[in-house]
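Asks: Quick one: sequence and predicted model below, then my questions.
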Amino acid sequence: GPPPRSGCPEKHPEFRIAMLLPWLSSPLSTAKAPSWLPFFLATAAHSSLLIDWIIFHEGGITKPLLQLGVRAANVKFVDLRNGGMANLFGKTMAAAIGLPVLNATAVVNRMRYMFQKWPRLVAEYKPAYGSIFSEWLVNYTHWGYSDMDVVLGQVSRFVERS
């Protein structure tokens with residue numbers, strides 16, 4: 001018979017899911033990352049067979065901060081720099097509706113104001129994440145979105161072909 005398998009594969013041979021998580025910290029908070037980030041990283045590691053978690057942030061999640069907690073190979077951090085989230089959201093939306101550059105700049109400026117004042121509103125655009133973050137999705141068969149305060153565990157045990 002075939003030789004025994006030496007454990008689980010590192011990645012699923014056919015599917016790869018990107019889970020998108022934009023993170024903006026509150027301007028009133030001194031914390032640049034959520035206090036539960038180490039717990040999220042620990043649980044995210046359990047889904048490495050199938051999922052990469054891509055956390056978009058604006059410079060708040062630094063390498064020294066990450067070294068304090070658990071690291072998960074399937075969690076990617078993308079630093080969009082200060083104002084980068086609004087820039088990406090505004091330009092993508094403006095292009096989708098065919099706005100000229102001057103109008104696109106106005107959309108970006110309003111998005112920047114909105115995200116600075118109410119960072120939680122980034123979650124209101126979840127259905128558009130596939131378009132907004134499309135350049136990061138080219139190597140994935142599927143994408144989804146989640147929040148860092150969700151504990152999912154071994155997702156591959158619950159996902160099946162339909």
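Replies: Cool, the structure landed.
Asks: Every contact and neighbour count from this point should use C-alpha atoms.
Replies: OK.
Asks: Lowest-scoring secondary structure element of this protein by mean pLDDT?
Replies: helix 63-67 (a mean of 60; mean pLDDT, DSSP states H and E).
Asks: so Met114 is in which element?
Replies: Element membership of Met114, judged by DSSP states H and E, is helix 101-117.
Asks: Measure how buried Ala45 is and give me the count.
Replies: For Ala45, the count of nearby residues is 20 (other CA atoms under 10 Å).
Asks: pretty sure it contacts Trp53?
Replies: No: counting by CA atoms under 8 Å, Trp53 is not a contact partner of Ala45; they are 9.3 Å apart.
Asks: coming back round to it: give me the helices and strands touching the helix holding Met114, please.
Replies: Contact analysis of helix 101-117 by 3 or more CA pairs under 8 Å, 6 or more residues apart in numbering; DSSP states H and E lists helix 84-96 as its packing neighbours.
Asks: so what does the helix it packs on touch, helix or strand wise?
Replies: By 3+ CA pairs under 8 Å, 6+ apart, helix 84-96 packs against helix 101-117, helix 129-132.
Asks: mind listing what the residue nearest to Leu37 when sequence neighbours are not counted touches?
Replies: Leaving aside its chain neighbours, Leu37 sits nearest to Met148 (7.1 Å; criterion: CA to CA, 6 or more residues apart in numbering). Contact analysis of Met148 by CA atoms under 8 Å, 6 or more residues apart in numbering lists Leu21, Trp36, Leu37, Phe40.
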